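> here is my input; please provide its structure:
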Amino acid sequence: MPDSEQPQETDKSVYQRDKTAKEPVKTEPNLEIKPKPKPKPRKAFVPKKLVKVIDKPQEYRVRHIRISSLETAKIFHKTLIDFQKELAAETVDDPDKPFHDQEKVEKYFIRISKKYSICSTRVIGGDLDWIYKGMVIHEELINQELIDVITQSEKHVIPEPVKTKLGFHIILICENRDRIEIQKKKAIVKPKTAPAGTNIPT
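Below you'll find the predicted structure:
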């Protein structure tokens, strides 16, 4: 080999990897590829209405509007229901919206009661205070028939007008709570004289 000729590098180096080539897949003999299991379809979330089971006797803070005619009572009832629906239809990004709506309905109920109710409670917005089974009844304000309807109604749901001998009532249950029976403590009567055999000198 003459000195003038020198070795030349090839255009493609031997160590360059062919990028188009695929790695050989190692397969074990007699091994079947199992298909991936299909994901189970998820059930749609349906919120359930919680029903509180109450063992203790309840009492209810109630407002009412007393009207002499059924036609007028139905008009006021429809007006209140429509007002509730309008408030519920409003889209407001506020987690406390249901509570604010309940306050607005109660205030609206008070305004109607003060203006149109024929009961003496109209001055205080038809407030009947706390109602419970077995309470002492003031016949000029409420009777047993109305108490039965109140204790069977839902909170913040305005039922159909209730007819009693006093007239037609539209009721609104604002709150309910467990009734705490207040028991009068009997005074312990102390004996005037000590029992025999206790006055032993020490």
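> okay, now the unreliable bits of the chain?
Applying pLDDT under 70 to the chain flags residues 1-34, 41-55, 181-202.
> now do 50
Residues of the chain meeting the criterion pLDDT under 50: 183-188.
> in it, which spans are helices?
Assigned by DSSP state H, the chain shows helices spanning 70-89, 97-116, 144-152.
> where along this protein do the strands fall?
Secondary structure of the chain by DSSP state E: the strands cover 58-67, 127-132, 162-164, 167-178.
> so His64 touches Leu172, yeah?
Yes: with contact defined as C-beta atoms under 8 Å, His64 reaches Leu172; the gap is 7.3 Å. In this view, the C-beta of every residue, glycine as well, is placed from N, C-alpha and C.
> excluding its backbone neighbours, what's nearest Cys174?
Arg61 (4.8 Å; C-beta to C-beta, 6 or more residues apart in numbering).
> related to what we said a few turns ago, hey, which of the strands of the chain is tucked in deepest?
strand 58-67 (a mean of 22; mean count of other C-beta atoms under 10 Å).
> against Pro159, how distant is Asp127?
18 Å (C-beta to C-beta, to the nearest Å).
> scratch that, Val62 is what I was asking about
12 Å.
> repeat that for Glu59.
Glu59 is 18 Å from Pro159, by C-beta to C-beta.
> same check, this time on Ser153
Counting by C-beta to C-beta, the gap from Ser153 to Pro159 is 5 Å.
> turn the strands of the chain into a markdown table, columns for distance to Lys40.
Listed next are those as a markdown table, based on distance: least, C-beta to C-beta, whole Å:
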| stretch | distance to Lys40 |
| --- | --- |
| strand 58-67 | 44 |
| strand 127-132 | 50 |
| strand 162-164 | 51 |
| strand 167-178 | 42 |
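> out of those strands, nearest to His100?
With C-beta to C-beta as the measure, strand 167-178 is the member of the strands of the chain nearest His100 (14.1 Å).
> and that closest one, C-alpha only, in CSV?
Provided in CSV are the C-alpha atoms of strand 167-178 (Å, rounded to 0.1, in the frame of the first residue of the first chain):
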residue,chain,number,x,y,z
GLY,A,167,-112.3,30.2,58.7
PHE,A,168,-109.8,29.2,56.0
HIS,A,169,-106.1,29.1,57.0
ILE,A,170,-103.0,29.3,54.9
ILE,A,171,-100.1,28.0,57.1
LEU,A,172,-96.3,28.2,56.8
ILE,A,173,-94.1,26.1,59.0
CYS,A,174,-90.9,28.1,59.4
GLU,A,175,-89.0,25.9,61.8
ASN,A,176,-89.3,22.7,63.8
ARG,A,177,-87.3,21.2,66.7
ASP,A,178,-87.4,18.5,69.3
